[in-house]
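Trainee: Any chance you could fold what I've pasted below:
(one chain, ligands or ions: 1)
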Amino acid sequence: MSYLFPPTEVFGLPVAGETATYPVRRIFCVGRNYVAHAAEMGGEVDREAPWYFTKSVAHAVMSGAELPYPSGTANYHHEMELAFALGADVFEATEPEAAEAIYAYGCALDMTRRDRQQDGKDNRRPWSLGKDVEGSAVFAEMTRAKDFGALAAQRIALGVNGDRRQDGRLSDMVWSPVEIVMHLSKFYHLGPGDVVMTGTPSGVGPVVAGDEIIGTIDGLAPVKLALMVTKS
Ligand code: MN
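Mentor: Residues are numbered from 1 along each chain as shown. Next up, the predicted model:
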């Protein structure tokens, strides 16, 4: 079977210690997973259940990318996040099944058109223009879960042009990766290729053309994004 045009290339995430890459098929993102960030967005954390939005895998880029400031926004924001990648099929996962299914962790950026996201909130419309932005899912090399060890109070931070903007601890997450897998797998047949961004700590804010963004989590490879000086 031939195609009418060349199909999109698979987005393969490098994993430390592996020669093969991790082919991504879906990107799920958790909303408001740190209390202090929920407060700065004018909301409260919903203790009932985590909630989600998605990003197209076509909008994923590797750390080190240099991209134009996106169209359609005057308020493009950084959100520094822990991402994890699944390595096994899970549906309605138990806690041990969820824990076993988490294959790798990595640093990620959930770049956001904050003004377009706010339009969606104000008008009770979807967040696609705010969140599913071309080049807005930025991933660093992943680290296998067994090499990273237990999630604890690892520092999660982000700087813009060397100025620290976000600074939190993974232990501040409301929903742990295992709890997210248990919950999300009630709605999706999750499996290898599925990546989850787990939400951002407080300190989100705007970036401008020419900025250099670096996000770090203790024990993981940093994630970097540069915005070109010239607009798209
Ligand atoms: Mn986010």
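
Trainee: quick one: residue 119 and the ion, what's the gap?
Mentor: Using Cβ to the ion, to the nearest Å, one gets 17 Å for the distance from residue 119 to the ion. In short, each C-beta sits where N, CA and C put it, glycine included.

Trainee: ok but that residue is inside a helix, no?
Mentor: Yes - the assignment for residue 119 (DSSP: H, G, I helix; E, B strand; the rest coil) places it in a helix.

Trainee: In this model residue 129 seems to touch it, though I could be wrong.
Mentor: Yes - in this structure, residue 119 is within contact of residue 129 by Cβ atoms under 8 Å, at 7.4 Å.

Trainee: Show me the common contact partners of the two, please.
Mentor: When Cβ atoms under 8 Å, 6 or more residues apart in numbering defines a contact, no residue borders residue 119 and residue 129 alike.

Trainee: Give the buried residues for the lowest-mean-pLDDT helix or strand in the chain.
Mentor: One helix or strand of the chain scores below all others by mean pLDDT, DSSP states H and E: helix 35-40, with a mean of 83. By neighbour count with 16 or more other Cβ atoms under 10 Å, helix 35-40 contains the buried residues 37, 38.

Trainee: Outside of it itself, list whatever touches it.
Mentor: By Cβ under 8 Å, 6+ apart, the list of residues contacting helix 35-40 reads 32, 44, 45, 168, 172, 174, 199, 200, 201, 202, 203, 204.

Trainee: Now residue 118. Nearest residue, chain neighbours left out?
Mentor: Nearest residue to residue 118, sequence neighbours excluded (Cβ to Cβ, 6 or more residues apart in numbering): residue 130, at 7.5 Å.

Trainee: What is the three-state secondary structure of the one you found?
Mentor: helix.

Trainee: quick one: the helices in this protein?
Mentor: Applying DSSP state H to the chain gives helices spanning 35-40, 95-101, 114-123, 128-131, 145-148, 177-184.

Trainee: what does the fourth one contact?
Mentor: So that's helix 128-131. The contact list for helix 128-131 (Cβ under 8 Å, 6+ apart) reads 29, 53, 55, 72, 110, 112-120.

Trainee: Please check these and keep the buried ones.
Mentor: By neighbour count, with 16+ other Cβ under 10 Å, the contacts of helix 128-131 hold 29, 53, 55, 110, 112, 113, 114, 115, 116, 117, 120 as buried.
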